[in-house]
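Chemist: any chance you could fold what I've pasted below:
(one chain, ligands or ions: 1)
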Amino acid sequence: MSNDTPAPTPHKRRPRYSGKNPRRFEDKYKEHNPERYAETVAKVIASGKTPAGMHVPIMLHEIIEVLALQPGERVVDCTLGYGGHAKALLQAVQPGGILLGLDQDPQEIVKTETRLRSLGFPEESVVVRRMNFAGILRALTEVGWAEGADAVLADLGVSSMQIDNPSRGFSFKHDGPLDMRMNPQRGLPASEVLARVSAEKLQAMLMENADETRAVVLGAALAGRKIERTRELAAMVRSALPRGMAEDDVDATVRRVFQALRIEVNDEFGVLDTWLRALPSSLKPGGRVAVLTFHSGEDRRVKKAFKAGLLDGTYSRIADEVVRAGPEELRLNPRASSAKLRWAVRS
Ligand SMILES: C[S@@+](CC[C@H](N)C(=O)[O-])C[C@H]1O[C@@H](n2cnc3c(N)ncnc32)[C@H](O)[C@@H]1O
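Modeler: Got it, this is the predicted structure:
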């Protein structure tokens, strides 16, 4: 029997869409239900795509290797997301170990906790807190781990669920409200940030957050404008660029503008700096940390903090070089192409 044969549950009409397969994120009901439609989900993954509503964990084996977890240990996943890494961490600390999972996304964290709890691990082995990882020391104190964890993981940035869901406003590939908040209950949406920002501040933001070389012209075209939709912003970026630019370069520029705004909206560099300062106190002596970054602004910060920590004796060992995804992973998951893994061991 095909794995895709749904269990006999009350009949519910499938969403209406034109064509053979659903194209809109919200209509991809099989991909949104991987437990019921495992075969469809496996096919989507094998074709090099990420199923809707899911996130494929990046460099899973490499992370498990560098964290070198032992049964009974306490591990923190600072960026729970879909829980792909968390599941492997949880497995690695059994029997007797505990996973503390943090995430600031109020929507996805609920589903992920349910998913993790359905895996059959002891109830007390999973602890989930909805919070910004900048507050990791508070989380550790609250769960009674004030002396630190044995291992900590951070897989920075946004999840595929967030990027692919048009209503979150992270991507120009779909039309949606220009929001981009990982925690929509806090801070200003990207549309408000753009409406309030000066051209000079926006130029600095584009350079600092995305190494954007056309920051001056883009800053002048976009700052102070009321732009409510993702596609509207993409169209305005395109029209501000010189004619005759290659389509790939235009797309890359649009992507960088979205990245720069997202980093600002979520204060990603600010919270990363706070987390890096808190990290030594978050780890027991001999504790291990692994960090996955996705662009130069993040990697520079992690590299600098680990190097400084090695020099002053905070860390006994750090990664000499970044670890990159191998060719097989890159074939299966193009989203791994920009990922860089760094690790350190607490003295
Ligand atoms: C790349 S995804 C993690 C995916 C995860 N490793 C997995 O296997 O599914 C990043 C996640 O971290 C969360 N996140 C990003 N920055 C955060 C922060 N400062 N505090 C808490 N959560 C954060 C996002 O909401 C998102 O769910």
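Chemist: contact residues of the stretch 101-250 of the chain facing the ligand?
Modeler: Residues of the stretch 101-250 of the chain lying close to the ligand by C-beta under 6 Å from any ligand atom are 102-105, 108, 132-134, 155, 157-159, 182. (Each C-beta comes from the backbone N, C-alpha and C, glycine too.)
Chemist: and with 8 Å instead?
Modeler: Taking C-beta under 8 Å from any ligand atom as the criterion, the stretch 101-250 of the chain approaches the ligand at residues 102-105, 108-109, 112, 131-134, 153-162, 182-183.
Chemist: in helices, which of the residues you listed appear?
Modeler: Counted as lying in helices by DSSP state H, out of those, are 108-109, 112, 160-162.
Chemist: which one of those is nearest to Ser281?
Modeler: Ile109 (24.4 Å; C-beta to C-beta).
Chemist: count the residues that sit near that closest one.
Modeler: 21 (other C-beta atoms under 10 Å).
Chemist: ok, it touching Arg130?
Modeler: Yes: using C-beta atoms under 8 Å, Ile109 is in contact with Arg130, at 5.1 Å.
Chemist: got any residues that touch both of the two?
Modeler: Residues touching both Ile109 and Arg130 (C-beta atoms under 8 Å, 6 or more residues apart in numbering): Asp103.
Chemist: ok, the closest residue to the ligand within the chain to Val56 distance?
Modeler: In the chain, the residue that lies nearest the ligand is Gly81 (2.4 Å; C-beta to the nearest ligand atom). Separation of Gly81 from Val56 (C-beta to C-beta, to the nearest Å) stands at 10 Å.
Chemist: please, which helix or strand holds Ala308?
Modeler: Applying DSSP states H and E as the criterion places Ala308 in helix 296-311.
Chemist: mind listing what's buried in that helix?
Modeler: Using 16 or more other C-beta atoms under 10 Å as the test for burial, helix 296-311 gives 297-299, 301-303, 305-306, 309-310.
Chemist: who touches the helix or strand Asn209 falls within?
Modeler: Asn209 belongs to helix 199-210 when elements are defined using DSSP H and E. Residues from elsewhere that reach helix 199-210, judged by C-beta under 8 Å, 6+ apart: 194, 197, 212, 215-216, 218-220, 222-224, 256-257, 259-261, 263-264, 269, 295, 297.
Chemist: need the buried ones from those residues selected in PyMOL.
Modeler: Buried subset of the contacts of helix 199-210, written as a PyMOL selection, criterion 16+ other C-beta under 10 Å:
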select buried, resi 194+197+212+215+218+219+222+223+256+257+259+260+261+263+264+269+295+297
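Chemist: just the contacts of helix 199-210: which are in helices?
Modeler: Reading helices off the contacts of helix 199-210 with DSSP H, I get 194, 215-216, 218-220, 222, 256-257, 259-261, 263-264, 269, 297.
Chemist: Met180: neighbour count?
Modeler: Met180 has 28 neighbours, counted by other C-beta under 10 Å.
Chemist: swap in the one 3 residues further on?
Modeler: The number of residues packed near Asn183 is 16, by other C-beta under 10 Å.
Chemist: so the helix holding Asn209 versus helix 296-311, what angle?
Modeler: Comparing the axes of helix 199-210 and helix 296-311 via axes from the mean of the first three to the mean of the last three C-alpha atoms, to 10 degrees yields an angle of 60 degrees.
Chemist: let me know the closest of the ones in helices among the contacts of helix 199-210 to Thr40.
Modeler: Looking across the ones in helices among the contacts of helix 199-210 and measuring by C-beta to C-beta, the closest to Thr40 is Gln259, at 30.7 Å.
Chemist: what residues are up against Pro280?
Modeler: Per C-beta under 8 Å, 6+ apart, neighbours of Pro280: 309, 314-315, 346.
Chemist: how near is it to Leu137?
Modeler: Noted for Pro280: a distance of 10 Å to Leu137, by C-beta to C-beta.
Chemist: more neighbours: which of Gly81 and Val56?
Modeler: Remark: of Gly81 and Val56, Gly81 carries more neighbours, 24 against 18, as counted by other C-beta under 10 Å.
Chemist: so what's the more buried one up against?
Modeler: 55, 103, 108, 112, 155, 159, 161.
Chemist: going through the residues of the stretch 101-250 of the chain next to the ligand, which ones are buried?
Modeler: For those, a burial check counting by 16+ other C-beta under 10 Å picks out 102-105, 108-109, 112, 131-134, 153-162, 182-183.
Chemist: for the residue lying closest to Leu188 once chain neighbours are set aside, give me its contacts.
Modeler: Nearest residue to Leu188, sequence neighbours excluded (C-beta to C-beta, 6 or more residues apart in numbering): Val265, at 6.9 Å. Contacts for Val265 (C-beta under 8 Å, 6+ apart) come out as 180-181, 187-190, 193.
Chemist: ok, now Arg181?
Modeler: By C-beta under 8 Å, 6+ apart, the contact set of Arg181 is 187-190, 265-266.
Chemist: recalculate using a threshold of 6 Å.
Modeler: 187, 265 (C-beta atoms under 6 Å, 6 or more residues apart in numbering).
Chemist: list the backbone torsions phi and psi for it.
Modeler: Backbone geometry at Arg181, expressed as degrees, to the nearest 10, gives phi -80, psi 130.
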